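A.B. asks: Okay, predicted coordinates and the sequence, questions at the end:
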Amino acid sequence: MVLVKTPAGQEALKDRHGSLSSRQRSAFILFDGKRTTGEILAATAAMGITQDDVQSMIAQGLLAPVGGHTSAAAVTPVASSAAPAAPVAAALAEAPATDLGTVASPLEGSGRSPMERYQAAYPIATELTAALGLRGFRLNLAVEGAGSFEDLAALAPKIREAVGDAKFERLDKALFD
């Protein structure tokens, strides 16, 4: 999705008021109506900008879809873009997958839907991979581009390998419990 600054957003940026943190302000500047949300999230991943930050800016009326038409994708936590498949595929091609041992049907366990699992796991996955710094840059980009439970589940073995079993436990529970 391509977003653009609203007049209220431009005023907030100009006057440096509102609820934008300095890192959100840096990302906010990139919303020029030309780049997709996925591209901006990938560019600002090192700063810790997440889809939640973008949703917060939309909810505050600082950003709006190009053309001013608010769609369901603009207000849901998971906005899709054309870019996510490439980083996910690149990260998966880097190394062979490791058996998770806990992979179950998304509806087994607690009975949560794949979307609920994704919404719980995505912030944990971004936190874990962002903490890896430069050595986890590609993996972090792949996580940022993951748009579904299936994408995150496919990346889980690589995340486990990168962060270790102890840190991975939170993500494992969010995805597969």
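C.D. replies: Great, that's in hand.
A.B. asks: Within the helices and strands, which one has the nearest residue to Leu41 once chain neighbours are set aside?
C.D. replies: Residue nearest to Leu41 in three dimensions, not counting chain neighbours: Glu144, with 5.0 Å by Cβ to Cβ, 6 or more residues apart in numbering. C-betas here are computed from N, CA, C, even on glycine. Per DSSP states H and E: Glu144 is located in helix 137-145.
A.B. asks: Just the CA trace of that helix, in CSV.
C.D. replies: Below are the C-alpha coordinates for helix 137-145, written out as CSV (Å, rounded to 0.1, in the frame of the first residue of the first chain):
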residue,chain,number,x,y,z
PHE,A,137,19.8,-7.9,8.5
ARG,A,138,18.5,-10.2,5.8
LEU,A,139,16.5,-12.2,8.2
ASN,A,140,15.0,-9.1,9.7
LEU,A,141,14.0,-7.9,6.2
ALA,A,142,12.4,-11.2,5.5
VAL,A,143,10.4,-11.0,8.8
GLU,A,144,9.4,-7.4,8.0
GLY,A,145,8.1,-8.7,4.6
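A.B. asks: Return the set of buried residues in that helix.
C.D. replies: 138-145 (16 or more other Cβ atoms under 10 Å).
A.B. asks: just checking, what packs against it?
C.D. replies: When contacts are defined as 3 or more Cβ pairs under 8 Å, 6 or more residues apart in numbering; DSSP states H and E, helix 137-145 sits against helix 37-43, helix 85-94, helix 114-130, helix 149-163.
A.B. asks: closest to Leu62 out of the ones you listed?
C.D. replies: Comparison of these against Leu62 by Cβ to Cβ identifies helix 37-43 as nearest, at 13.6 Å.
A.B. asks: The closest one: how far from the chain's middle?
C.D. replies: 9 Å (Cα atoms, centre = their mean, to the nearest Å).
A.B. asks: That helix - contacts with which helices or strands?
C.D. replies: Looks like helix 37-43 contacts helix 22-30, helix 51-59, helix 137-145 (3+ Cβ pairs under 8 Å, 6+ apart).
A.B. asks: which stretch in those helices is the model least sure about?
C.D. replies: Sorting the helices and strands packed on helix 37-43 by mean pLDDT places helix 22-30 lowest, at a mean of 84.
A.B. asks: Which positions in that one come out as buried?
C.D. replies: Across helix 22-30, burial judged by 16+ other Cβ under 10 Å covers 24, 27-28.
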